[in-house]
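Asks: build me a model from this:
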Amino acid sequence: MKKQESFSLEKGEDSQEFDDDGQPRRTGTWMSASAHIITAVVGSGVLSLTWCLAQLGWVFGTCLLVVFAVISWYTCILLTDYYRSLHPVTGARNYNYMQAVKTNLGGRQYILCAIAQYETLIGVSIGYTITSSISMGAIRRSNCFRKYGHDRGCHTLNSYYLLIFGFIELVLSQIPNFHKLSFLSIIATIMSFVYSTIGIGLSIAKIAGGAHPQTSIGMPHREDMSSKDNMWNIFCAVGDIAFAYGFTSILFEIQDTLKSSPPENKVMKTATTIGISASTSFYMLCGLLGYAAFGNDAPGNYLTGFGFYDPFWLVDIANLCIVIHLIGAYQVIVQPIFAFVENWSRKKWPESRLVNKEYAFGYYRINLFRLIWRSTYVMLVTLVAMMFPFFNAFLALIGSTTFWPLTVYFPIEIYIVQAKIRKSSFRWIWLRTLCLVCLVVSGLAAAGSIRGLVMSVQTSKLFLSVS
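Replies: Below you'll find the predicted structure:
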């Protein structure tokens, strides 16, 4: 059997065309890139936005949604020109975010970027596992409510659903690389639009049915909690919104799927604009209409917190779509982790049969190291999700600790260095100010999310997550 240099499951073709870097010719377009972005962005973050609005109020909540969207769009547009070094069209490729940071900023920044990026990707994969299990449990609870009535608790243990989701991802994780994920991203994108639309429709129906919950123009003042607790919830909500826009860490992997003509940076700018615009539109509709429907008492997850009971079949479809979407989004998120470890291992042990040898099974090729490593990763992620199944606080912690370095700091630093922005010029001062403000906001959000996690751990039992 012929050993493959790439860890692809697909059989090679001698006649296959190649790109300028010797890799098989890329075929991605603005449409597939937009699908990847929407799949990565519109994940579990959209489900918590109604709760975020309930902590922030109409004005501040809406403004934050717009501000985070604009910042994410702006810094991603800056990054697209640095997929290639020296020249955005003909330069050498940077295949991932860390490589771009190392090329443009040097080794020390590269280490910091690696820590932030893999914290994000690992954290998001844990968050998606938690969210999927909650949605699976919600389907069972919905049918229980239909059978026994709304007064019955119908609580269910989420551990079984965490294991089911983990098994599905264990199988799908053998998909070799990002280039083979287009079909999964397209399906996941369709699912995200379906469950978001269902959530919007249910919110409109609830409002039309005469629901007039208490809402607030400014930040709500709650009688049932202290001002201190209310403040921590506000910080946590900011972290949730930051999490909702986190796809920068896989931007270069997405751009690396695009064909080279038209130039990748121009196509990626279009895809980024479409992806973030579509995601923000759904965020605004879901968050604002959900807040109008539930008011200041909105649940942490508005499709699984049972603000909606009927029609039960529509709620079930929405939660099923969430699960299908996150199955695909999980793969989009973890592929950079898989690729990093496998590329490093091949360089470290170039003669190892375990690491490098491919075994043919029909049309597919299996590598034992890939099988063992990826399976181990999925099992560990599932284990952590079973230990810490706290939806809102967990999402907020990921968002608050990674938004600033990956979405703000590194893109701005690369731009300042490569564009040779003069120190103390207006643009330099503006960019530095933006960086500092985002750092302060991220710090406050991280403090709120850590407190939320500590409170949740103190009141929960290990491996007993109940919906």
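
Asks: C-alpha from now on. contacts and neighbour counts both.
Replies: OK.

Asks: burial of Val454, as a residue count?
Replies: Other residues within reach of Val454, judged by other Cα atoms under 10 Å, total 11.

Asks: for it, give its distance to Trp51.
Replies: With distances taken as Cα to Cα, to the nearest Å, Val454 is found 19 Å from Trp51.

Asks: all strands of this structure, in order?
Replies: Applying DSSP state E to the chain gives strands spanning 358-361, 364-367.

Asks: now the last one: buried residues?
Replies: Of the residues in strand 364-367, those buried under the neighbour-count criterion (16 or more other Cα atoms under 10 Å) are 365-367.

Asks: do the first one as well
Replies: Neighbour counts using 16+ other Cα under 10 Å place 358-359 of strand 358-361 among the buried residues.

Asks: that one pairs with which strands, parallel or anti?
Replies: strand 364-367 (antiparallel) (DSSP bridges).

Asks: about what we covered before: pLDDT check: weakest of the buried residues of strand 364-367?
Replies: Lowest in pLDDT among the buried residues of strand 364-367 is Arg365, which has 75.

Asks: hang on, isn't that one packed against Lys357?
Replies: No: if you go by Cα atoms under 8 Å, Arg365 and Lys357 don't touch, sitting 9.6 Å apart.

Asks: which of the strands of the chain sits closest to Gln99?
Replies: Checking these against Gln99 by Cα to Cα gives strand 364-367 as the closest, at 25.1 Å.

Asks: what residue ranges in the chain score low on pLDDT?
Replies: 1-16, 21, 42-45, 149-153, 177-182, 211, 302-310, 362-363, 390-395, 459-467 (pLDDT under 70).

Asks: which neighbouring elements make contact with the longest helix along it?
Replies: The longest helix of the chain (DSSP state H) is helix 107-148. Using 3 or more Cα pairs under 8 Å, 6 or more residues apart in numbering; DSSP states H and E, the elements in contact with helix 107-148 are helix 97-105, helix 159-172, helix 312-348, helix 368-387, helix 391-402.

Asks: against Gly290, how distant is the spatially closest residue to Phe282 that is not a sequence neighbour?
Replies: Leaving aside its chain neighbours, Phe282 sits nearest to Ser196 (6.8 Å; criterion: Cα to Cα, 6 or more residues apart in numbering). Distance from Ser196 to Gly290, counting by Cα to Cα: 11 Å.

Asks: what does Arg353 give?
Replies: Distance from Arg353 to Gly290, counting by Cα to Cα: 54 Å.

Asks: the two - which one has more neighbours?
Replies: A count of neighbours by other Cα under 10 Å puts Gly290 above the other of Arg353 and Gly290, at 31 against 13.

Asks: what's that one in contact with, if anything?
Replies: The contact partners of Gly290, by Cα atoms under 8 Å, 6 or more residues apart in numbering, come to 50, 199-200, 203, 298, 302.

Asks: can you check Thr382 too?
Replies: Each residue near Thr382 by Cα under 8 Å, 6+ apart is listed here: 126, 129, 162-163, 166.

Asks: got the phi/psi numbers for Gln256?
Replies: Just so we're on the same page, residue 256 is Asp rather than Gln. Taking degrees, to the nearest 10, you get phi -70, psi -10 for the backbone angles of Asp256.

Asks: excluding its backbone neighbours, what's nearest it?
Replies: Excluding the flanking residues, the one nearest Asp256 by Cα to Cα, 6+ apart is Tyr95, at 6.2 Å.

Asks: residue contacts, the one you found?
Replies: Contact partners of Tyr95, counting by Cα under 8 Å, 6+ apart, are 83, 252-253, 256.

Asks: next one: it from Asn343, what distance?
Replies: 12 Å.

Asks: wait, Gly246 touches Val41, no?
Replies: Yes: using Cα under 8 Å, Gly246 is in contact with Val41, at 6.3 Å.

Asks: ok, those two, which is more surrounded?
Replies: Gly246 (28 against 25).

Asks: quick one: contacts for that one?
Replies: Gly246 makes contact with 40-41, 72, 399, 403, 407, according to Cα under 8 Å, 6+ apart.

Asks: can you map out the helices along the stretch 201-350 of the chain?
Replies: If DSSP state H, counting those that start in this stretch is used as the criterion, the helices of the stretch 201-350 of the chain fall at 227-244, 251-255, 264-294, 312-348.

Asks: just send these back as a markdown table, with distance to Ala116 too.
Replies: Listed next are these as a markdown table, based on distance: least, Cα to Cα, whole Å:
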| stretch | distance to Ala116 |
| --- | --- |
| helix 227-244 | 13 |
| helix 251-255 | 14 |
| helix 264-294 | 21 |
| helix 312-348 | 12 |
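
Asks: now that we have the contacts of Tyr95, which one has the most neighbours?
Replies: Busiest of those [other Cα under 10 Å] is Tyr83, holding 27 neighbours.

Asks: touching, it and Val267? I think so.
Replies: No: applying Cα under 8 Å as the test, Tyr83 and Val267 come out as separate, 12.0 Å apart.

Asks: how long is stretch 252-267 from one end to the other?
Replies: End-to-end span of stretch 252-267 (Cα to Cα): 13 Å.

Asks: next, the buried residues of that stretch.
Replies: 252-260, 264-267.

Asks: which one among those residues gets closest to Ala33?
Replies: Ala33 lies nearest to Ile254 out of those, by Cα to Cα, at 6.1 Å.

Asks: residues touching the nearest residue to the closest one once chain neighbours are set aside, list them.
Replies: Nearest non-adjacent residue to Ile254, counting by Cα to Cα, 6+ apart: Ala33, 6.1 Å away. Applying Cα under 8 Å, 6+ apart to Ala33 gives the contacts 254-255, 257-258, 268, 271.

Asks: export those residues to a markdown table and tack on distance to Gln174?
Replies: Listed next are these as a markdown table, based on distance: Cα to Cα, whole Å:
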| residue | distance to Gln174 |
| --- | --- |
| Ile254 | 19 |
| Gln255 | 22 |
| Thr257 | 19 |
| Leu258 | 22 |
| Met268 | 27 |
| Ala271 | 27 |
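
Asks: how close does Tyr409 get to Glu264?
Replies: 23 Å.

Asks: now Arg84
Replies: For Arg84, the distance to Glu264 (Cα to Cα) stands at 9 Å.

Asks: picking up where we left off before, among the contacts of Thr382, who's most crowded?
Replies: Busiest of these [other Cα under 10 Å] is Thr129, holding 31 neighbours.

Asks: touching, it and Ile164? I think so.
Replies: No: look at Thr129 against Ile164 with Cα under 8 Å: they stay out of range, at 9.9 Å.

Asks: picking that back up, ok now the longest helix of the chain, how far from the chain's centre?
Replies: The chain centre lies 9 Å from the centre of helix 107-148; the measure is Cα atoms, centre = their mean, to the nearest Å.

Asks: stretch 325-341 too?
Replies: Here stretch 325-341 is found 10 Å from its chain centre; the criterion is Cα atoms, centre = their mean.

Asks: please apply the same query to stretch 366-380.
Replies: Centre-to-centre, stretch 366-380 and its host chain are 22 Å apart (Cα atoms, centre = their mean).
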